[in-house]
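Chemist: Generate coordinates for the sequence data below:
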Amino acid sequence: MVNIPPVESSRVGMGVDCPDDRGREPLRVDTRNRTERMEKRMPKIKTHRGAAKRLSATGTGKIKRNKAFKQHILTKKSQKRKRNMRHSGLVAAVDVAAVRKMLPYM
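Modeler: Numbering: from 1, shown residues only. Prediction:
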């Protein structure tokens with residue numbers, strides 16, 4: 001058994017004063033509160049959840065959407081019209097900027 005002499009320091013167990021510490025520096029604890037730490041970061045942008053559920057991106061970066069008017073009152077609509085509503089469409093060019101703002105991480 002090795003006899004270790006007592007340490008005459010107020011920092012027992014930290015830094016180079018402790019014989020068991022193998023010469024390592026003491027851990028530095030961030031004393032700033034959470035608000036001060038968060039001020040350095042850029043804020044996150046929230047995704048519009050309704051738009052995220054309805055829109056998706058194509059492989060080329062265009063924004064895909066489903067066609068409207070396919071939920072109810074279908075008896076007066078022709079078969080061809082209902083069949084064409086099954087396919088997805090693309091968001092119009094004038095609306096792309098607004099959609100990109102709602103979906104910043106798409």
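
Chemist: average pLDDT across stretch 24-34?
Modeler: Taken as a whole, stretch 24-34 has a mean pLDDT of 75.

Chemist: Just the terminal-to-terminal distance for that stretch.
Modeler: 27 Å (Cα to Cα, to the nearest Å).

Chemist: Please, which helix or strand holds the residue nearest to the spatial centre of the chain?
Modeler: For the chain, the residue nearest the mean C-alpha position is K44 (7.5 Å; Cα atoms, centre = their mean). Assessed by DSSP states H and E, K44 sits outside every helix and strand.

Chemist: Any regions of this protein where pLDDT drops low?
Modeler: Where the chain drops to pLDDT under 70, the residues are 1-2, 4-22.

Chemist: could you show me where the strands are in it, in order?
Modeler: Applying DSSP state E to the chain gives strands spanning 56-57, 63-65, 89-90.

Chemist: In CSV: these, plus mean neighbour count.
Modeler: C-beta here means a position set from N, CA and C on the backbone, and glycine is covered the same way. Output for the strands of the chain, formatted as CSV (neighbours: other Cβ atoms under 10 Å):
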stretch, mean neighbour count
strand 56-57, 12
strand 63-65, 16
strand 89-90, 12
